[in-house]
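> below is the sequence, then the predicted model.
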Amino acid sequence: KSPIAMAALPTPESKRTVAIAGGGLVACSCAYFLQKSGLVDVVLVERMPHVASAASGKAGGFLARDWGDGTSTEPLHKRSFALHEELAKTLGLETYRKIPTLSVLGGESLAPPEPIVSWLDGDIQMCRLMDGPDGTAQVTPKELCVKLHAAALELGAKSVTGEVTGVAFVDEDAKDKVRGLIVRDENTGETTVVAGDDVVVAMGPWSTRASEWFDIDVPMTGIRSTSVVYEANEAVMREPA
């Protein structure tokens, strides 16, 4: 690191405060790792009385180590996969597990492949194991989110319940230096400023509100999709894949 970069780091006597808007997986991850660094203090603001109230509380939590190979983000995929396993041990995640992923092609075949799991039946043209036995995993995002938030609080972070309605600036005309998040108490209707030398906007699709706060374009659109949920039987639970 350059001397300039080192000199810019806050000292324990001059810690900056980071105010985080949101209570999902990105927000709670930021809160945990920033507070753990010891370089800043964190305050997280979430509208609901609990974290993981939206997508982070309902997603499936599939993890793949090698599915980003050959792309510019390949190192991130691999680091993220390893990091989830580390967090599973550090945070005591009960839902994390390595799990094989099968690639199956249905249809008649002159030489049907031997099924990798006993419960896979019907006409099969192809069945193979993807990424080996340790290349994919699962974790319930809600548990990860809740435990990241709890660990951040144990490290000294603070959590505030309220709706973030804007960003407060030192100079509303210049908007080059923030002084915190504008937060509305939904019970009383009162608005206060949660102080922060820096702010992180991690509100999922609601982050588009930041386009007005900072006078910038936030290109985000919604995608309608569907999910299929299968009832697991005993055979699948014995041989998950």
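Sure thing, it's come through.
> going by C-alpha atoms from here, please, whenever you check contacts or count neighbours.
Fine.
> residues in contact with D134?
98-100 (C-alpha atoms under 8 Å, 6 or more residues apart in numbering).
> restricted to strands, list the residues you listed.
Per DSSP state E, strands hold the following members of the contacts of D134: K98.
> CSV for the contacts of D134, including neighbour count, pLDDT and distance to T71?
CSV is the format used below for the contacts of D134 (neighbours: other C-alpha atoms under 10 Å; pLDDT from 0 to 100; distance: C-alpha to C-alpha, whole Å):
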residue, neighbour count, pLDDT, distance to T71
K98, 15, 92, 24
I99, 18, 90, 24
P100, 18, 88, 23
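> so who does C28 touch?
44, 145-146, 148-149, 152.
> by neighbour count, which of the residues you listed wins?
H149 (28 neighbours; other C-alpha atoms under 10 Å).
> and that residue, which of the three is it?
helix (DSSP: H, G, I helix; E, B strand; the rest coil).
> got it, and T17?
From three-state DSSP, the assignment for T17 is strand.
> okay, now it: neighbour count?
Counted with other C-alpha under 10 Å, T17 comes out at 21.
> please enumerate the strands of the chain.
So, for the chain - with DSSP E - the strands run 16-21, 40-46, 62-64, 97-98, 101-106, 124-130, 136-138, 158-161, 163-169, 178-184, 191-195, 198-201.
> got those as TSV, with distance to F214 columns?
Putting the strands of the chain into TSV (distance: least, C-alpha to C-alpha, whole Å) gives the following:
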stretch	distance to F214
strand 16-21	14
strand 40-46	18
strand 62-64	34
strand 97-98	41
strand 101-106	43
strand 124-130	44
strand 136-138	37
strand 158-161	22
strand 163-169	8
strand 178-184	10
strand 191-195	16
strand 198-201	11
